[in-house]
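Asker: Return atomic coordinates for the entry below.
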Amino acid sequence: MENKTISREHSILAVADLPATPRQRRVVLILAVVQLVAFVVVAPLAEIPLKPLPAFIPSVQAVMFANDLITAVLLFAQYSITRSTALLILASGYVFTALIVIPQALTFPGAFAEDGLLGAGPQSSTWLYIFWHIGSPAFMAAYGWIKDRDGPHAKKYGSAVPAIGWCVALVGILVCALTWVATAGEPFLPAVFAPDRIHMIPTRAAIASAAELSVTVAAMAVLWMRRRSILDYWLILVLGGMVPDKILPIFFSISRWTLGYYAGRAFLLATSVYVLVRLLGETTRLYDRLARANMQLLREHDNKLMTLQAALASISHEIKQPLSSARLNAEAAQAMFQVDPPDLEEVRPALNDVVADVDRVNEILNNIRQLFGRAGTEKTPIDLNAAGHAVLQLLREGLGHIETTVEFDGRLPRIMGNRIQLEEVIANLIRNAIEAMEAVEPARRTLKLKTNTDGSGNAILEIADTGPGIDPERLEEIFDAFVTTKANGTGLGLAICRSIVENHKGTLIASSDGKRGASFRVILPTVHIGSS
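Answerer: Now for the predicted structure:
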């Protein structure tokens, strides 16, 4: 379950695929309302003349250049991951905006020269502005039009640099061509500004603004119909910031250096900067998700290694005792053979014990295999009392110096489960009790096993010891993986025990006052076997 969550949460690699949350949509709506209110306030005052600031344009264009270039780089980086053609087009659109503001600022009258640079004519800066405000929405419209047709990104290998390089080169050629048209071809373009370069020619200004407005509104419509991600909402907000700059020349201000003139550029700049800030923020969040996912995968890898080490340690611990016993019995048999004459009557029991020890090793290995293998899923009616007796018989050597009390309810109903798994749970709990009581005096070591019912159709097996007990604050924590109270423990035994019991629809509970031993209760649902 956890891996599926990770995969789903971290499969989003680009802002273009990031769904907009209700909060994010509200923020965009609030900003759009703020824009609208500001426009309603400014519009009646749009023709108020203000002090001419020729340096205003290069300053704004410099911010736009840096802003849109950084935005383009971020979008190209996300394209290199997703290989989305729509993102490639959108990033190219931001490159177009970043590049075209350069000649537009250089050709602006009075910014760097009285008539502008690059051999500009009186209308060069204006026509570059028109090309800019038609081209930028056109790129956004193209992004919105094809983004749902991108389909699965089948080509995710190889370098993305050639595609990005070609797009930047083509956009650069386009900007150079438009600059040439606006400068060398300026005499052949319709005049939008009067000879004083301050007042617009009303009809031509209205036509140019209407053309820009049409492309902008069309792009907004495409993005609105195909909106899916938070990036779509941001782009709609940017296009909305362009609208006042198109409406004011048509209905209100038709002059440079008026309140409406400054306000239109302020609207556009504010929304563009907002998109960059949000894009940086969301990109950082995506990186954070990826970093956390990578760290979690590394932890899972380490946990698997730890689990393997713990499993090997557990197997070694389980088979070490019978192998040691087999060696001792074999050495005893060898010693009896060396007696003259050989004591064959004593050799036979020793060899029988060797065979029993080997059989015990085989049984342990089979139990481990069945515990984690396909056989572990098979369930049959089980006598919990018989399972307890079987485990006590198996661990009889470890219980030699411990007083063991058994109080089994002879009328205990059977439970439905896997015998191997449940015996492993009982054995693990008894071993833990034996190891816990090593810290107390031999005379105080007592192990108690008790079975009964709780009156609700459940069988209960309780295993209690007289060891030092468990800190009451850690009673729930001890069932977590890799948490142990032993100096050399792996921290997996109780976690596996609880998992097995819960797979049997039961409950494993620990209780202790931290002073006088600990008690573990295995609660399992019973079944009623009908007569055949």
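Asker: Next, count neighbours for residue 46.
Answerer: 23 (other Cβ atoms under 10 Å). Placement of C-beta: from N, CA and C, glycine included.
Asker: Which residue, other than its chain neighbours, is closest to it?
Answerer: Leaving out its chain neighbours, the residue that sits closest to residue 46 by Cβ to Cβ, 6 or more residues apart in numbering is residue 260, at 2.8 Å.
Asker: element containing the one you found, please.
Answerer: Assigned by DSSP states H and E, residue 260 falls within helix 259-338.
Asker: Kindly provide the distance from the closest residue to residue 470 other than its chain neighbours to residue 478.
Answerer: Nearest non-adjacent residue to residue 470, counting by Cβ to Cβ, 6+ apart: residue 512, 4.2 Å away. According to Cβ to Cβ, to the nearest Å, residue 512 and residue 478 sit 10 Å apart.
Asker: Quickly list what's touching both of those two.
Answerer: residue 470 (Cβ atoms under 8 Å, 6 or more residues apart in numbering).
Asker: Remind me what the helix or strand hosting residue 36 packs against, helices and strands.
Answerer: Take DSSP H and E as the rule and residue 36 turns out to sit in helix 22-42. If you count contacts as 3 or more Cβ pairs under 8 Å, 6 or more residues apart in numbering; DSSP states H and E, helix 22-42 packs onto helix 230-251, helix 259-338.
Asker: What residues sit buried inside the first one?
Answerer: Using 16 or more other Cβ atoms under 10 Å as the burial criterion, the residues of helix 230-251 that qualify are 230-250.
Asker: next one: stretch 107-115
Answerer: For stretch 107-115, a neighbour-count test (16+ other Cβ under 10 Å) marks 107-112 as buried.
Asker: Would you mind measuring the gap between the ends of that stretch?
Answerer: Stretch 107-115 has an end-to-end distance of 7 Å (criterion: Cα to Cα, to the nearest Å).
Asker: Please enumerate the strands of the chain.
Answerer: Using DSSP state E, the strands of the chain run over residues 380-382, 403-407, 415-417, 446-453, 458-465, 507-512, 518-525.
Asker: would TSV of those strands with mean neighbour count, mean pLDDT and distance to residue 474 be doable?
Answerer: Formatted as TSV, these follow (neighbours: other Cβ atoms under 10 Å; pLDDT from 0 to 100; distance: least, Cβ to Cβ, whole Å):
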stretch	mean neighbour count	mean pLDDT	distance to residue 474
strand 380-382	15	89	31
strand 403-407	12	92	26
strand 415-417	22	90	28
strand 446-453	18	92	22
strand 458-465	22	93	16
strand 507-512	18	90	9
strand 518-525	21	92	11
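Asker: Could I get the ones you listed in CSV, plus columns for distance to residue 74?
Answerer: Formatted as CSV, those follow (distance: least, Cβ to Cβ, whole Å):
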stretch, distance to residue 74
strand 380-382, 61
strand 403-407, 70
strand 415-417, 57
strand 446-453, 66
strand 458-465, 60
strand 507-512, 52
strand 518-525, 56
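Asker: Of all these, which one is nearest residue 162?
Answerer: Nearest of these to residue 162, taken as Cβ to Cβ: strand 507-512 at 60.2 Å.
Asker: can you list the residues that contact stretch 114-134?
Answerer: Stretch 114-134 is contacted from outside by 97, 100-101, 103-104, 106-109, 178-179, 181-184, 186-187, 189-193, 195, 197, 208, 211-212, 215-216, 242, 245-246, using Cβ under 8 Å, 6+ apart.
Asker: Take the residues you listed and keep only those in helices.
Answerer: Per DSSP state H, helices hold the following members of those: 97, 100-101, 103-104, 106, 178-179, 181-183, 208, 211-212, 215-216, 242, 245-246.
Asker: mind checking how far residue 233 is from residue 90?
Answerer: Distance from residue 233 to residue 90, counting by Cβ to Cβ: 14 Å.
Asker: try residue 520
Answerer: Per Cβ to Cβ, residue 520 is found 61 Å from residue 90.
Asker: hmm, back to that, distance from the helix holding residue 260 to the middle of the chain?
Answerer: 13 Å (Cα atoms, centre = their mean, to the nearest Å).
Asker: quick one: that helix to helix 230-251, angle?
Answerer: Angle, helix 259-338 to helix 230-251, by axes from the mean of the first three to the mean of the last three Cα atoms, to 10 degrees: 180 degrees.
Asker: Tell me which other helices or strands helix 259-338 touches.
Answerer: Using 3+ Cβ pairs under 8 Å, 6+ apart, helix 259-338 is in contact with helix 2-10, helix 22-42, helix 56-82, helix 230-251, helix 344-372.
Asker: and the last one, what's its mean pLDDT?
Answerer: To tie it back to what came earlier, the one meant is helix 344-372. Helix 344-372 comes out with an average pLDDT of 72.
Asker: same deal with the shortest one?
Answerer: Mean pLDDT, taken over the full extent of helix 2-10, equals 40.
Asker: Nearest to residue 136, out of the strands of the chain?
Answerer: Taking those one by one with Cβ to Cβ, strand 507-512 is closest: 64.3 Å.
Asker: what does the closest one rub up against?
Answerer: With Cβ under 8 Å, 6+ apart as the contact definition, strand 507-512 has outside contacts at 425, 469-472, 475-476, 478-479, 494, 497-498, 501-502, 518-523.
Asker: just the buried members of the residues you listed?
Answerer: Taking 16+ other Cβ under 10 Å as the criterion, what is buried in the contacts of strand 507-512 is 425, 469-470, 478-479, 494, 497-498, 501, 518-523.
Asker: Residue 498 against residue 478, yeah?
Answerer: No - assessed by Cβ atoms under 8 Å, residue 498 is found out of contact with residue 478, at 9.6 Å.
Asker: Give the buried residues for stretch 136-144.
Answerer: Using 16+ other Cβ under 10 Å as the burial criterion, the residues of stretch 136-144 that qualify are 136-144.
Asker: Make JSON lines from the residues you listed and add distance to residue 16 and pLDDT to it.
Answerer: Below are the buried residues of stretch 136-144 laid out as JSON lines (distance: Cβ to Cβ, whole Å; pLDDT from 0 to 100):
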{"residue": "136", "distance to residue 16": "18", "pLDDT": "93"}
{"residue": "137", "distance to residue 16": "18", "pLDDT": "94"}
{"residue": "138", "distance to residue 16": "18", "pLDDT": "95"}
{"residue": "139", "distance to residue 16": "14", "pLDDT": "95"}
{"residue": "140", "distance to residue 16": "12", "pLDDT": "94"}
{"residue": "141", "distance to residue 16": "15", "pLDDT": "94"}
{"residue": "142", "distance to residue 16": "14", "pLDDT": "94"}
{"residue": "143", "distance to residue 16": "9", "pLDDT": "94"}
{"residue": "144", "distance to residue 16": "11", "pLDDT": "92"}
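Asker: I'd like to know which of these are part of helices.
Answerer: Per DSSP H, helices hold the following members of these: 136-144.
Asker: how close does the nearest residue to residue 236 once chain neighbours are set aside get to residue 34?
Answerer: Distance criterion Cβ to Cβ, 6+ apart; nearest residue to residue 236, sequence neighbours excluded, is residue 223 at 5.1 Å. As for residue 223, its distance to residue 34 is 20 Å (criterion: Cβ to Cβ).
Asker: The two - which one has more neighbours?
Answerer: Neighbours were counted for residue 223 and for residue 34 using other Cβ under 10 Å; residue 223 has more, 25 against 11.
Asker: give the contact list for that one.
Answerer: Residue 223 makes contact with 140-141, 144, 232, 235-236, 239, according to Cβ under 8 Å, 6+ apart.
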